[in-house]
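Visitor: Take this sequence and fold it.
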Amino acid sequence: MHVAVYVPLLLSLLAPLGARPLAERCEPRLATWLLTTASLVLGAASTVSLGLLAVTGLVRIPVLADLGHWSASTAQRDDPTGLPIALTAGLLLGCALLAACRMVWRRGRTLASAALDAACMPARDDLVVVDDEAPDAYALPGLPGRVVVSTGMLRTLDAGEHNILLAHERAHLGSHHYAFVAVAQLGAAANPLMRPLADAVTYTIERWADENAAAATGDRKRVARTVGKAALAARRAPALARTASAALGILGRRSPLATAGPVPRRVAALLSPPKGRHPALAVATGVVLAAAALATAEAAHDLHVLLAGIGAW
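Guide: The predicted model follows:
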């Protein structure tokens, strides 16, 4: 436990440095998978590390040591972790677990509400048109999900741009983008250092949907123009109070097409050739996650050996 238990915490400090390169250089679908997995794995590994450090402090307390049949005096002699570190780890662990549970509860309620709203919306081919002058469009998760578009947005775009808009929003539903963002945010709730990775996921899912729309229409420049046009129209509109805004709080923004991720970066990416998979970045991410997992397993084994060694029997 001298070193291994701290490795996930150190990697959590370094991981945010890779969020932007993954989001900008990798093909969006691959980037989304890598960033989401990294946020979850590093968030879980760092939480386990805090738990292991906290346990080393608990075995020093005579009452708790008696319950576990450990020798508190032997623990104080053999344990490589100082008591202040163990107590700090315990406090951080409590905060991490509380934040993670709160996030799961809130997202669960939001998804349930979204599914109920979607089920109550009459739709034609999953499309719901609402009579509202404010330009808006969003994907509402559900079984089945719905693509909701305001009449204001339909009037803002021409017929060809309508198809691009629908392809984009249907990509959100078909690829379950809300789940990627929810998982990435769970990792960030457990470990706030993962926040840049979770934020990057809200950008890469938009890029993923943009690329799906480009593939469906075969015109990257027109998709870029539509993204910019819809974004400008939505930004000029007043904020709308609606249930769906809470549902797509999972995606992190009010209107995914318009504001979930820097629009100029998305437009620039569409005006450039499609991004490659960049195996080097994928391999580097895999190595980091493998190191975190192995270090956590090694630290857990070391703690088991320590507890076995201080047994009072």
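Visitor: and the strand or helix carrying Arg225, what does it pack onto?
Guide: Element membership of Arg225 [criterion: DSSP states H and E] is helix 220-236. Judged by 3 or more Cβ pairs under 8 Å, 6 or more residues apart in numbering; DSSP states H and E, the packing partners of helix 220-236 are helix 151-156, helix 159-174, helix 195-217, helix 256-259, helix 263-270. Heads up, the C-betas are built off the backbone N, CA and C, glycines and all.
Visitor: May I see the buried residues of it?
Guide: Within helix 220-236, the residues that count as buried by 16 or more other Cβ atoms under 10 Å are 220, 222-231, 233-234.
Visitor: for stretch 179-191, same thing?
Guide: Applying a neighbour-count criterion of 16+ other Cβ under 10 Å, one finds 180-191 buried in stretch 179-191.
Visitor: from those, which ones fall inside strands?
Guide: Using DSSP state E, no member of these sits in strands.
Visitor: List just the nearest of the residues you listed to Ala45.
Guide: Distance ranking of the buried residues of stretch 179-191 against Ala45, using Cβ to Cβ, places Asn191 first at 8.7 Å.
Visitor: mind listing what that closest one touches?
Guide: Asn191 makes contact with 12, 42-43, 46-47, 96 under the criterion Cβ atoms under 8 Å, 6 or more residues apart in numbering.
Visitor: same thing but at 6 Å, please
Guide: Counting by Cβ atoms under 6 Å, 6 or more residues apart in numbering, Asn191 touches 12, 43, 46.
Visitor: Any chance of the backbone angles for it?
Guide: Dihedral pair for Asn191: phi -140, psi 100, per degrees, to the nearest 10.
Visitor: From His304, how far out is Thr37?
Guide: Distance from Thr37 to His304, counting by Cβ to Cβ, to the nearest Å: 27 Å.
Visitor: Could you check which of the two is surrounded by more residues?
Guide: Neighbours per residue, other Cβ atoms under 10 Å: of Thr37 and His304, the larger number sits with Thr37, 18 against 11.
Visitor: Roughly how far does the spatially closest residue to the more buried one that is not a sequence neighbour sit from Ala300?
Guide: Closest residue in space to Thr37, ignoring its immediate chain neighbours: Leu289 at 6.7 Å, by Cβ to Cβ, 6 or more residues apart in numbering. According to Cβ to Cβ, Leu289 stands 17 Å off from Ala300.
Visitor: Residues in contact with stretch 165-182: which ones?
Guide: 32, 36, 107, 137, 139, 141, 145, 147, 201-202, 205, 209, 212-213, 216, 250-251, 257.
Visitor: chain center to it: distance?
Guide: In this view, stretch 165-182 has its centroid 14 Å away from the chain centroid, taken as Cα atoms, centre = their mean, to the nearest Å.
Visitor: With just CA atoms, put it into CSV.
Guide: Included here for stretch 165-182 are C-alpha records, laid out as CSV according to Å, rounded to 0.1, in the frame of the first residue of the first chain:
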residue,chain,number,x,y,z
LEU,A,165,-32.0,18.5,-37.5
LEU,A,166,-34.0,15.3,-37.2
ALA,A,167,-31.0,13.1,-38.1
HIS,A,168,-29.0,14.8,-35.3
GLU,A,169,-31.7,14.4,-32.7
ARG,A,170,-32.5,10.9,-33.7
ALA,A,171,-28.8,10.0,-33.3
HIS,A,172,-29.0,11.1,-29.7
LEU,A,173,-31.9,8.7,-29.1
GLY,A,174,-30.6,5.8,-31.2
SER,A,175,-27.2,5.9,-29.6
HIS,A,176,-28.5,6.5,-26.1
HIS,A,177,-26.3,9.5,-25.6
TYR,A,178,-28.0,10.4,-22.3
ALA,A,179,-26.6,7.2,-20.8
PHE,A,180,-23.0,8.1,-21.7
VAL,A,181,-23.3,11.5,-20.1
ALA,A,182,-25.0,10.1,-17.0
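Visitor: Name the residues of stretch 105-115 that are buried.
Guide: For stretch 105-115, burial by neighbour count (16+ other Cβ under 10 Å) applies to 107, 110-111, 114-115.
Visitor: Inside helices: which ones of those residues?
Guide: Residues of the buried residues of stretch 105-115 located in helices (DSSP state H): 107, 110-111, 114-115.
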